[in-house]
Structures are given as structure tokens and as C-alpha cells.
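A.B. asks: sequence and predicted structure, then a few things I'm wondering about:
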Amino acid sequence: MSTTDSAPATSFSAVEDGKILRVTITNPKRKNAVDYDTMVALGDTFLAAADDRSVRVIVLTGAGEDFCTGADLSAAAANAQRGITSEMVMDTANRLVKSIVDCPVPVIARIKGSAAGVGVGVALAADLVYADVDSYLLLAFINIGLMPDGGAAAMVAAAAGRPLAAEMALLGERLPALAAKEAGLFTGVFAGAELDAKVGAAAAKLAAGPRRALELTKAALNAATLPALDAALAAEKAGQSELLESPDFIEGATAMLTKRAPVFSD
């Protein structure tokens with residue numbers, strides 16, 4: 001698999017290192033927010049890796065100081081001009097999350113800084129989630145008049161239970177790394193260079209492992225823990241597609257981009 005960051009419309013790279021595929025979201029100026037084209041290309045990358053027998057493990061991370069702060073709201077006007085509808089954006093986000101969950105080889109997420117918005121779903125879609133001690137999860141959708149997407153409704157509840165999932169979704173507040181680890185959302189939390197050491201060691205061990213056994217183990221774990229994912233994605237698509245067209249979202253997004261408090265009407 002060759003490097004895929006040559007397309008100017010996307011902000012990611014995918015580089016194969018032996019049996020390890022390293023996928024990096026590369027939009028640090030916007031804290032690795034992802035636009036439509038980047039989500040399409042990321043989904044393509046995971047789908048291609050599923051058929052690449054040379055890949056044994058995938059490491060997913062973000063360039064700079066953040067993992068992914070969700071969808072790039074500044075791209076909304078450009079999407080509209082290109083005829084990209086809210087439903088198309090949701091389909092693309094769902095496809096990306098499913099491509100990670102359904103990828104037959106293990107996926108390791110390396111989290112620094114913020115994993116927010118759809119970035120939460122992308123992170124938790126991975127099989128192993130290793131995070132920096134100063135990182136956090138944030139389902140901030142409610143703060144701009146939206147609802148969680150990216151499968152977060154299913155994946156947070158599956159790992160941490162309904163009470164914490166409701167708190168994160170309804171209050172839209174940060175969940176620090178150590179609390180996320182305690183709740184079962186992070187596999188491990190590390191400080192400084194220990195994070196890269198742990199990710200590297202786990203990736204190396206998986207790269208040397210038996211691919212078919214890894215595939216079947218991952219599939220069994222997903223079947224046991226994420227039976228409601230497809231239903232959650234469908235519900236999120238229906239609800240979010242409606243909310244993305246609402247006056248409250250326009251107000252919330254405008255308030256966020258102009259750094260003021262929103263005033264919701266509904």
C-alpha cells in the first residue's frame with residue numbers, strides 16, 4: 001500500500017512499515033478536524049487494508065497535539081456548493097467508523113490531546129486505544145445543537161455503560177484520560193514517551209502474530225460487544241441529518257466559530 005496523502009483535498013497519510021500500516025490525520029492547524037473528502041479517503045484506506053494480506057495491524061493517530069476534533073465545520077459552505085448533503089456527510093462518517101470496526105486486522109488508536117465529536121467514534125472504533133495522560137474525550141455535539149454520531153451512542157455505552165454515555169452526550173463536557181481509562185473507554189493511559197513506547201510494542205507484537213487468529217478474535221469480540229452498532233449508526237444518521245438543517249445548529253456552529261455563547265431557540 002502506498003502513501004495516500006498526495007491528494008490535495010485530503011488531510012491524512014497512510015504509510016506501510018513492514019506489516020504495520022500507520023494512518024495519520026494531518027490537519028494540525030485545525031486540531032485534525034476532518035472534512036468530507038478526508039473521511040472518504042480514510043474509509044477507503046481501511047477498506048483497502050482489509051484486503052491487503054501484507055498488513056497485520058493498523059496504527060491510527062493524529063499529527064501534532066490532537067487526535068481528531070471531529071467534523072470540520074468550516075467546510076460546511078464548501079460542501080453545500082459541491083452538492084454534498086448532510087445525509088452524505090453522515091453516510092461517509094458511518095462508513096469510516098464501520099470500516100475501522102469491520103477491518104479484519106487489529107486497529108490501535110494513539111490518542112493525544114482531544115478526541116472530540118466524530119473523533120470519539122473513530123477512536124473507540126479501534127480495538128486498542130492508548131492515550132496520553134493529558135488527553136480527553138469530548139462529545140460536544142449538544143453544545144452546538146447536535147447529537148452524538150460516529151457510533152458513539154453504541155460504543156461509549158458498550159464500554160462504559162448508559163449512565164456515563166448519557167452524561168457525556170447530554171452535558172457535552174470533557175472526560176479526562178484517567179477517567180476514560182477507569183470507565184473502560186481507553187485501554188491504557190501513559191505519560192510522555194511511554195505512550196509511543198506502548199503503541200510501538202503492541203503494534204510489533206500484533207505484526208508478528210497469526211493473522212487469521214487475530215481476525216477471528218476481533219470478529220468474536222465485536223459480535224459480543226457491539227451488536228447494536230448498526231442500529232445506533234442508523235438512528236444517528238436520521239437524527240443528525242435533521243439537526244444539521246436546524247436553526248439551532250446554525251446558531252450553535254456560528255457561536256462556536258465566533259467564540260461566543262449560543263442562544264438556542266427550539
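C.D. replies: Looks like it arrived, so ask away. Nothing here was measured: the structure is a model prediction, and the numbers come from that model. Numbering: from 1, shown residues only.

A.B. asks: can you get me a residue count around the spatially closest residue to Asp102 that is not a sequence neighbour?
C.D. replies: Nearest non-adjacent residue to Asp102, counting by C-beta to C-beta, 6 or more residues apart in numbering: Ala50, 7.3 Å away. Every C-beta, even on glycine, is put in place using the N, C-alpha and C of the backbone. Residues lying near Ala50 (other C-beta atoms under 10 Å) number 15.

A.B. asks: correct me, but Ala50 touches Pro104?
C.D. replies: Yes - between Ala50 and Pro104 there is a contact under C-beta atoms under 8 Å: 5.5 Å.

A.B. asks: quick one on the thing from earlier: now do the contacts for the residue nearest to Asp102.
C.D. replies: Ser99, Asp102, Cys103, Pro104, Val105 (C-beta atoms under 8 Å, 6 or more residues apart in numbering).

A.B. asks: just the buried ones from these?
C.D. replies: By neighbour count, with 16 or more other C-beta atoms under 10 Å, those hold Ser99, Cys103, Val105 as buried.

A.B. asks: in a markdown table, list those along with pLDDT.
C.D. replies: Shown next, in a markdown table, are the buried ones among the contacts of Ala50 (pLDDT from 0 to 100):
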| residue | pLDDT |
| --- | --- |
| Ser99 | 98 |
| Cys103 | 98 |
| Val105 | 96 |
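
A.B. asks: quick one: buried residues of the helix or strand bottoming out on mean pLDDT in the chain?
C.D. replies: In the chain, no helix or strand scores lower on mean pLDDT, DSSP states H and E than helix 76-81, which sits at a mean of 86. For helix 76-81, a neighbour-count test (16+ other C-beta under 10 Å) marks Ala76, Asn79 as buried.

A.B. asks: quick one on the thing from earlier: now, the most widely separated pair of the contacts of Ala50?
C.D. replies: Spatially, the most separated pair among those is Ser99 and Val105, at 11.9 Å (C-beta to C-beta).

A.B. asks: surely Ala165 and Gly151 touch.
C.D. replies: No - in this structure, Ala165 is not within contact of Gly151 by C-beta under 8 Å, at 11.7 Å.

A.B. asks: which residue ranges of this structure form strands?
C.D. replies: In the chain, the strands defined using DSSP state E lie at 12-17, 20-25, 57-62, 107-111, 114-116, 128-132, 136-138, 175-176, 188-190.

A.B. asks: closest one to Phe249 among these?
C.D. replies: Nearest of the strands of the chain (C-beta to C-beta): strand 114-116, 16.3 Å.

A.B. asks: the closest one - what's its average pLDDT?
C.D. replies: Mean pLDDT, strand 114-116: 98.

A.B. asks: and for stretch 50-69?
C.D. replies: Over the span of stretch 50-69, the pLDDT mean works out to 96.

A.B. asks: so which of the buried ones among the contacts of Ala50 are in helices?
C.D. replies: If you go by DSSP state H, the buried ones among the contacts of Ala50 have Ser99 in helices.

A.B. asks: got a markdown table for the buried ones among the contacts of Ala50, with distance to Gly200 too?
C.D. replies: Converted to a markdown table, those look like this (distance: C-beta to C-beta, whole Å):
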| residue | distance to Gly200 |
| --- | --- |
| Ser99 | 24 |
| Cys103 | 20 |
| Val105 | 17 |
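
A.B. asks: let me know the closest of the buried ones among the contacts of Ala50 to Lys31.
C.D. replies: Ser99 (22.5 Å).

A.B. asks: could you report the neighbour count for the spatially closest residue to Pro106 that is not a sequence neighbour?
C.D. replies: Among residues not flanking Pro106 along the chain, Asp127 sits closest, at 4.6 Å (C-beta to C-beta, 6+ apart). Asp127 has 22 neighbours, counted by other C-beta under 10 Å.
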